[in-house]
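[1] Sequence and predicted model, in that order:
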Protein chains: 2
Amino acid sequence: MGNRTGRYTIQLENKPSILGCGSVAGEKEGQGPIGERFDRVYKDDTLGQKSWEKAEGKMQAEALGYALSKSGKAKEDIDVVFAGDLLNQCVSSSYGLMEYNLPFLGLYGACSTMAQALALAAIFVDAGCAGLAAASTSSHFCAAERQYRFPLEYGAQRTPSSQWTVTGAGAAVIGGNQPGRPYVSRVCFGKITDLGVTDINNMGAAMAPAAAETIMAFLKDTNTSVSDYDLITTGDLGSVGSSLLRTLLEQEGVNVGTKLADCGELIFSRELQQVHAGGSGAGCSAVVICSYILDKLTDGSLQKVLFVGTGALMSPTSVQQGENIPGIAHLVEFGRC
Amino acid sequence: MGNRTGRYTIQLENKPSILGCGSVAGEKEGQGPIGERFDRVYKDDTLGQKSWEKAEGKMQAEALGYALSKSGKAKEDIDVVFAGDLLNQCVSSSYGLMEYNLPFLGLYGACSTMAQALALAAIFVDAGCAGLAAASTSSHFCAAERQYRFPLEYGAQRTPSSQWTVTGAGAAVIGGNQPGRPYVSRVCFGKITDLGVTDINNMGAAMAPAAAETIMAFLKDTNTSVSDYDLITTGDLGSVGSSLLRTLLEQEGVNVGTKLADCGELIFSRELQQVHAGGSGAGCSAVVICSYILDKLTDGSLQKVLFVGTGALMSPTSVQQGENIPGIAHLVEFGRC
């Protein structure tokens, strides 16, 4: 049964395990520094579908397929799926995962959705509400660009602080604790933070304060410090947001040193790939966590990791109406037996 | 601790109570058959805000305010808020509830979102993951029309099977079991159902199969029948969808007789108000459940009620791309000590 620790943190007594995870991504992501770790890299980012939205849904279905197969479970063993994405009405999740014919709970946390999904799936397993639960999110560069910014054909210039939406999906299957597998031990859900950022091309700055707040709340609740963790992985602040987070934490007396990494920085090479401030999108952290990070937790080269999913909760309409861009961050603590 | 009953149903051992609920709505909704039960009816559906989207967010904040004040709790007592709406990226929930400064989990289940939010809030309380949790959803006729259909100024004709998006918000505060208060005893999350409906003006038909499937799964899991309940309230199938649901259940050998009601039919008078097939929108069932239904559970005139939130998981983009409209339904069982 879940229990609260401090004001904001939920402790999972049974430490549900990640039994399997899957990651699929586009060609550009496959050419990045961790591309070899993905279960599948698509040469054709339409995946043979008639729209990018359909292609994104198909990626979620495939990522969940890899997660299931690696967990050694059948789809009928899953009791509930938590999923979300960036598209209006989260259609890539619902259309993409429909074929699984499983109880489905749609989430919207922008780029923080994978952290939210993993946390909810782990809580359901820990509380006995599910024997097996899945978490899945995605994003697609082409679908996101035309929805949030401009049609690709327009050839718009990108600003240096802008991030590149990852084409990819990640999924994890969570069940009861199994020795040798990474587990979820604590989670911390964040509050909406609005520090007045209005630049749609600088989402990192909008999300960094939320990440700082959630990390500080968690460290205080659990009476732990940065030295207790091998890595604190945000997803996805990019280079601008990461540097701001570092400063914000320093102001609170917390020096993250080399312990801070960001999924948006891990997935692309800023030197070799034209991505400006790094990757973003609900698929970015999902792909990185469900390959690089959980791989390292499985092989033991990482033992204790905080995943801090960060999201910017605006819409194109709210931005056009002159509203600020509020941020949110949810934290998932991974450990290893 | 939550436990599973049958394949799909989750049993809440501690029966978390609805400690307070709030409902606010627009003028047209206030003139309907249950309008007098709402906590507040707005003469001006802008609520003095500069956009309908902002007005919708403000409604959520006010509905949660009423729920909190009736529960006798302070906002700081709430550990987590589950909220969602129909707008792209769920902005009325995030912007509207930001002022509460509470851990926030965004949901997207279209018009089923209130059932999803209530179920998750009840599970969190039952599992000890929250001492107090809130559920909140909304919709706004003007914001929804321009996003999903046409600008209001266009004066488009409505088809007889179309539903009228409710301007309103409902919120509930859920905590540990308190005698004399309605409680949540079981929940059942639904699967995505696609029977090939493509008519955006006939959402009831798209959602009725999902409602039938979830109701049948729940009755089977719990070994109960319609006679065990005072009311089965769907939200929102409207008249076309309700009649279809009745037929689908009859085909399964289940006769709902006078036990079936629909939030979309309860909120408006089809004779006196030009709403065609009835009300809809994530705010519709939220307003009806958080006033009429929970009032009757509180005063004892209803003892056991199934609330079946139904949603159509399409987006304007998916419809334009010729995709079917998949439906989903989540069930919450209310009881009373």
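    Cool, got the structure.
[2] what does the model give the nearest residue to A:Gln31 once chain neighbours are set aside for pLDDT?
    Leaving out its chain neighbours, the residue that sits closest to A:Gln31 by CB to CB, 6 or more residues apart in numbering or on different chains is A:Gln273, at 7.0 Å. To be clear about C-beta, it is placed using only N, CA and C from the backbone, and glycine gets the same treatment. A:Gln273 is assigned a predicted lDDT (pLDDT) of 94.
[3] same deal with A:Asn3?
    Reported pLDDT for A:Asn3: 84.
[4] and if you look at A:Phe124?
    With respect to pLDDT, A:Phe124 has a value of 98.
[5] Now it. Nearest residue, chain neighbours left out?
    Nearest to A:Phe124 is A:Ala130, by CB to CB, 6+ apart, at 4.0 Å.
[6] Tell me which residues touch A:Gly238, please.
    A:Ser161, A:Gln163, A:Met203, A:Gly204, A:Asp262, A:Gly264, A:Glu265, A:His276, A:Ala277, A:Gly278, A:Gly279, A:Ser280 (CB atoms under 8 Å, 6 or more residues apart in numbering or on different chains).
[7] So it versus A:Leu244, what's the distance?
    10 Å (CB to CB, to the nearest Å).
[8] CA-only coordinates of stretch A:110-118, as CSV, when you get a sec.
    Output of stretch A:110-118 as CSV, limited to C-alpha atoms (Å, rounded to 0.1, in the frame of the first residue of the first chain):
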residue,chain,number,x,y,z
ALA,A,110,2.8,17.6,-21.9
CYS,A,111,6.4,16.4,-21.9
SER,A,112,6.0,15.2,-18.2
THR,A,113,3.5,12.6,-19.2
MET,A,114,5.9,9.6,-19.1
ALA,A,115,6.7,10.4,-15.5
GLN,A,116,3.1,10.8,-14.7
ALA,A,117,2.2,7.5,-16.4
LEU,A,118,5.1,5.5,-14.8
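[9] Distance of A:Lys259 relative to A:Val184?
    In this view, A:Lys259 and A:Val184 are 19 Å apart by CB to CB.
[10] Over to A:Glu62?
    23 Å.
[11] if you count what's nearby, which of those two comes out ahead?
    Neighbour totals were compared for A:Glu62 and A:Val184, and A:Val184 leads with 26 against 21 (other CB atoms under 10 Å in any protein chain shown).
[12] pLDDT weak spots in chain A?
    Applying pLDDT under 70 to chain A flags residues A:1-2.
[13] what about the helices in it?
    Assigned helices in chain A, in chain order: A:27-30, A:52-71, A:91-97, A:113-126, A:141-148, A:203-222, A:238-251, A:263-266, A:282-288, A:294-299, A:316-320 (criterion: DSSP state H).
[14] from these, which stretch is densest packed?
    Mean neighbour count (mean count of other CB atoms under 10 Å in any protein chain shown) peaks for helix A:282-288 among the helices of chain A, with a mean of 38.
[15] residues in contact with it?
    Residues outside helix A:282-288 that contact it (CB under 8 Å, 6+ apart): A:23-25, A:29, A:34, A:38, A:56, A:59, A:63, A:84-86, A:109-111, A:113-115, A:136-140, A:165-171, A:233, A:235-236, A:263-264, A:266-267, A:307, A:309.
[16] List the ones among these that fall in strands.
    In this view, the contacts of helix A:282-288 that belong to strands under DSSP state E are A:23-25, A:84-85, A:136-139, A:165, A:168-171, A:233, A:235, A:307, A:309.
[17] Buried members of these into ChimeraX, please.
    Entered in ChimeraX, the line below selects the buried ones among these, by 16 or more other CB atoms under 10 Å in any protein chain shown:
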select /A:23,24,25,84,85,136,137,138,139,165,168,169,170,171,233,235,307,309
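[18] Near chain B, list only the ones from the ones in strands among the contacts of helix A:282-288.
    For chain B, the contacts drawn from those by CB under 8 Å from any CB of the partner chain are A:Gly84.
[19] which residues does whichever residue of the stretch 151-300 of chain A sits closest to chain B contact?
    Across the stretch 151-300 of chain A, no residue is closer to chain B than A:Phe189, which sits at 3.9 Å (CB to the nearest CB). By CB under 8 Å, 6+ apart, the residues touching A:Phe189 are A:Tyr8, A:Ile10, A:Gln116, A:Ala119, A:His330, A:Leu331, B:Val80, B:Pro103, B:Phe104, B:Leu105.
[20] Pick the one among those closest to A:Leu313.
    Nearest to A:Leu313 among these is B:Phe104, at 8.7 Å by CB to CB.
[21] Is the closest one in contact with A:Lys191, as I believe?
    Yes. Contact criterion CB atoms under 8 Å: B:Phe104 and A:Lys191 qualify, at 6.2 Å.
[22] Please enumerate the shared neighbours of the two.
    Common neighbours of B:Phe104 and A:Lys191, using CB under 8 Å, 6+ apart, are A:Ile328.
[23] Between those two, which is the more surrounded one?
    B:Phe104 (26 against 21).
[24] how much space between that one and B:Val81?
    From B:Phe104 to B:Val81 the distance is 5 Å (CB to CB).
[25] Having no further points to raise, I will conclude here.
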